[in-house]
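Enquirer: here's my sequence, what's the structure:
(2 chains)
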2 protein chains.
Amino acid sequence: MLLPLGVITELQALLGDRFSMAKAVRDQHGRDESPYPELAPDAVVFVQTNEEVACVVKLCNEHHVPVVAYGAGSSLEGHVLPIHGGICLDLSQMNAILEISPDDFLVTVQAGVLRKQPNQEIKDQGLFFPVDPGTDASIGGMCATRASGTNAVRYGTMRENVVALTVVTSAGATIRVGSRARKSSAGYDLTRLFIGSEGTLGIIIEITLKLYPLPEGISAATCIFPSVSAAVQAVIAIIQYGIPIARVELVDETAITAINRYAKLSLQEKPTLFFEFHGSPLGVQEQAENTQSICSEFDGSGFEWSANPEDRTRLWQARHNAYYACLQMQAGARILNTDICVPISKLAYCIDRARDMLNQSHLKSAILGHVGDGNFHALIIIDPNRAEDIQEAERLNRLIVQDALSVGGTCTGEHGVGMHKIQFMLEEHGADAIECMRAIKAVFDPNNILNPGKMLPAPPL
Amino acid sequence: MLLPLGVITELQALLGDRFSMAKAVRDQHGRDESPYPELAPDAVVFVQTNEEVACVVKLCNEHHVPVVAYGAGSSLEGHVLPIHGGICLDLSQMNAILEISPDDFLVTVQAGVLRKQPNQEIKDQGLFFPVDPGTDASIGGMCATRASGTNAVRYGTMRENVVALTVVTSAGATIRVGSRARKSSAGYDLTRLFIGSEGTLGIIIEITLKLYPLPEGISAATCIFPSVSAAVQAVIAIIQYGIPIARVELVDETAITAINRYAKLSLQEKPTLFFEFHGSPLGVQEQAENTQSICSEFDGSGFEWSANPEDRTRLWQARHNAYYACLQMQAGARILNTDICVPISKLAYCIDRARDMLNQSHLKSAILGHVGDGNFHALIIIDPNRAEDIQEAERLNRLIVQDALSVGGTCTGEHGVGMHKIQFMLEEHGADAIECMRAIKAVFDPNNILNPGKMLPAPPL
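Expert: As a prediction, the model looks like this:
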């Protein structure tokens, strides 16, 4: 779009050289970690205060100019691509930790704070924030996509770990939703409505997060299984037994092969579970021992565990390297990352089906799973310049999503909808629920300026 | 209101003798556990199927007749009173457990199922549903009020424990929100929007709940403290230490006095904490021992603990009797129950302030607290026929809520807004957030037929 001159003038007056239409700056904000081609916004604003955010949004609303919030640019589904042009609202300079309240187990941060930053500042107080998507995403972005990571099985996702938000509405009002209380029954849950709204209902600018005590004891373990199914059955039994696993990650044989090549290791190329246990020193030993005995009932072998930090790092090394190892499977590759989440009893079925379909494809791939949640990723390796790769990866993704929906699951466990999952929204939710979502969108953003074209399918003509 | 004849005729045709305008039936549905005077609906319908609910709501919407959902009638804030008349939709006959999925740790129930019922049916499978408001409420009602109970500190509230809902909208459409996956990033969180919406956005008819493994070991403990403040400080330290307490309840000295009288016990009349620990047999022993050593740092004394079921029951007997003991403090009494929830570091301050104000009142009272959540109840004993009692209890409630709001808390931790907390909504949320809630209400219920007059303050003229 052509930005109205009035908007340009006012933004320049408001922000000085923190308003930019330079090509390099725009290009930098025209991509995320998805394989979508670059698409630059018309201008980028680097906001520093709540008032600036409110002014920018109000101005854009008056002129019907789209506004796309931008944190770390690490979204995976094209969330930040300005498909209708407009302003990229870069929140990365709003990166202050506003208040740490150790006795309340709360921290309040600005939206541009990256997820590792609070953990650096609070670890001396014996606390941590658990949600850990693979990348060092912004907390605002993690709220917007309802992100999670490897330890949601124990600590929950962003949905469970935010108590309050400050949000700028499309009209430029600044509202606070939630409170500092850990629970409340006072009115509609606006906090949860903004969490996962992908910048389409308001701009999240401040977040109050729950903190947890750093566990006194941590132990890690790995175990090899003859099949994905055996590994998943073991995890179900472990949860049924009541072992409060903090992390349980599945790495399939193709991913192990990639890791062996990447990190020059010689791990057995079999489905492998990686565990982490949090608790008292005695407790994490007991958890590991009980886990070992359950794993052996499901033909798990080569069980190794340790509470020693160096050994833990060594045991988990393969899992930590998995994403990069997969990227290295092919020069110049990018990854199309599927993200279905299913009832845990259907996880082995869905992974086995996915593996069969992937094996029949010309594309390389690997599977990583957050087994405790029923969420797994097929990392499909593509050459982003080959149309047939993209087409094939999309075909596989669609088949994998169909399987998830057929067993009562979801097309996205933690990455969000963005541009990429819109095609599944109607089938997943049904026409009436989508109509509810559209009505909410219309109420919160009547001029459709907030990240337009994302998440919701276009209404029927 | 006078029910339109067309509505009466159609409901009779649809439901036969499950449509009633008999005074006894109407009166029975005209009260809850609040001290509000009775207010009968114009008619009661006893629905048995999803289709019947949809038909009733659709019909009422067409005729602009209010519909108030009714489960067990155990709400505490006048939620079910039909203040604008209309139809009481009694869901108590929709009480089937529809599907138990032990491997998915899920159970699907109809809205009229009472909370203890699924636990009876699943305990043989080694599973349980943890959310436990004091009474045997309906699961639908617990969703509608975003209820919790004594073990939210470990297992969360209804907000965290529902994965999917089936809801009838005001237009009579039946929509399914959420999925059977434990987490999802696919679109707006309609599930959380209906949870806590108190029957004002739709009628919840089916609920899919998370289940947890029955802990292999359970231990209970009690400890006496010189002051409420010392008890709360001990709990903060216990959480900081990482002890995963399943329950921690505070009973203040006045409540202990009432219990001694009620149950002919001779407990020390001091602030007392009641603990429960879930884990492995070894783990619950360690938790109890560590808790004891932390309690003693905060002048806790008389620490007793046991993993033996009979001893556990004896230790917790006082807490279990607390509500009834308080009701017995005065003949013919009813209780006005406050419900603030505050950041935990402010809990001792708020309880001490409440105790001071209560001590200066002519009304008897006792305080019970879900300390781990920062939530406490002042049980204010009133004679419901004495206007000055009601006035005084309301004055005290307002002062206690003011304190909560001044420290960033909420007017209701788990009971909901109903009629009684409407007065605090504007101050707690601010005008812009209330405007958002009103806009959502207007979208979901354009004719304002769903539990009208509840939760949201009337808009300014």
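Enquirer: which non-adjacent residue is nearest residue A:105?
Expert: Among residues not flanking residue A:105 along the chain, residue A:211 sits closest, at 4.5 Å (CB to CB, 6 or more residues apart in numbering or on different chains). Every residue, glycine included, has its C-beta placed from N, CA and C.
Enquirer: per-residue pLDDT, the one you found?
Expert: At residue A:211, the model reports a pLDDT of 97.
Enquirer: what residues does the stretch 1-150 of chain A put near chain B?
Expert: Counting by CB under 8 Å from any CB of the partner chain, the stretch 1-150 of chain A comes close to chain B at A:101-106, A:126-127, A:145-148.
Enquirer: which of these fall in strands?
Expert: Using DSSP state E, A:101, A:106, A:127 are the members of the residues of the stretch 1-150 of chain A next to chain B that sit in strands.
Enquirer: neighbours of the last one, how many?
Expert: For residue A:127, the number of neighbouring residues by other CB atoms under 10 Å in any protein chain shown comes to 22.
Enquirer: please name the bridge partners of it.
Expert: residue A:213 (DSSP bridges).
Enquirer: is it true that it touches residue A:213?
Expert: Yes. Counting by CB atoms under 8 Å, residue A:213 is a contact partner of residue A:127 at 6.2 Å.
Enquirer: what sits in contact with each of these two?
Expert: Listed contacts common to residue A:127 and residue A:213 are A:105, B:240; contacts here mean CB atoms under 8 Å, 6 or more residues apart in numbering or on different chains.
Enquirer: ok, the residue nearest to residue A:105 - how many residues close by?
Expert: 23.
Enquirer: let me see the contact set for it.
Expert: By CB under 8 Å, 6+ apart, the contact set of residue A:211 is A:102, A:105-107, A:122, A:127-129.
Enquirer: just the buried positions in stretch A:430-447, please.
Expert: Judged by neighbour count (16 or more other CB atoms under 10 Å in any protein chain shown), stretch A:430-447 contains these buried residues: A:430, A:433-441, A:443-445, A:447.
Enquirer: do I have it right that residue A:401 meets residue A:340?
Expert: Yes. Applying CB under 8 Å, one finds residue A:401 in contact with residue A:340, separated by 5.9 Å.
Enquirer: shared neighbours, the two?
Expert: In contact with both residue A:401 and residue A:340: residue A:411, using CB under 8 Å, 6+ apart.
Enquirer: so for these two, which sits in the more crowded spot?
Expert: Each of residue A:401 and residue A:340 has its neighbours counted (other CB under 10 Å); residue A:340 has more, 29 against 22.
Enquirer: from chain B, how far off is that one?
Expert: Relative to chain B, residue A:340 is positioned 8 Å away (CB to the nearest CB, to the nearest Å).
Enquirer: quick one: that residue and residue A:404 touch, right?
Expert: Yes. Here residue A:340 reaches residue A:404: they are 3.6 Å apart, a contact under CB under 8 Å.
Enquirer: give me the contact list for stretch A:261-272.
Expert: Contacts of stretch A:261-272 (CB under 8 Å, 6+ apart): A:222-228, A:230-231, A:250-253, A:256-257, A:259-260, A:302, A:317-318, A:321, A:324-325, A:328-329.
Enquirer: now do that stretch: distance from first to last residue.
Expert: Using CA to CA, to the nearest Å, the end-to-end distance of stretch A:261-272 comes to 16 Å.
Enquirer: which non-adjacent residue is nearest residue A:192?
Expert: Using CB to CB, 6+ apart, the nearest residue to residue A:192 is residue B:192, at 3.5 Å.
Enquirer: same thing with residue A:91?
Expert: Nearest to residue A:91 is residue A:112, by CB to CB, 6+ apart, at 4.1 Å.
Enquirer: so who does the one you found touch?
Expert: Per CB under 8 Å, 6+ apart, neighbours of residue A:112: A:71, A:91-95, A:138-140.
Enquirer: one step back: residue A:122 versus the residue nearest to residue A:105, what's the distance?
Expert: Distance, residue A:211 to residue A:122, using CB to CB, to the nearest Å: 6 Å.
Enquirer: within reach of chain B, which of the buried residues of stretch A:430-447 are there?
Expert: Counting by CB under 8 Å from any CB, A:430, A:433-434, A:436-437, A:439-441, A:443-444 from these sit close to chain B.
Enquirer: tell me the one of those residues nearest residue B:31?
Expert: Using CB to CB, residue A:436 comes nearest to residue B:31 of these, at 32.7 Å.
Enquirer: domain map for chain A?
Expert: A:5-90, A:97-213, A:215-321, A:330-419 (automatic domain parsing).
Enquirer: which of the ones you listed sits most buried?
Expert: Comparing those by mean neighbour count (mean count of other CB atoms under 10 Å in any protein chain shown), domain A:97-213 comes out on top with a mean of 23.
Enquirer: if we can go back for a sec, now for the buried residues of stretch A:430-447: which two are most distant?
Expert: Longest span within these, CB to CB: A:430 and A:447, 27.1 Å.
Enquirer: spatially central residue for chain A, please.
Expert: residue A:147 (3.6 Å; CA atoms, centre = their mean).
Enquirer: is it true that that residue touches residue A:135?
Expert: No. Counting by CB under 8 Å, residue A:147 stays clear of residue A:135, with 9.8 Å between them.
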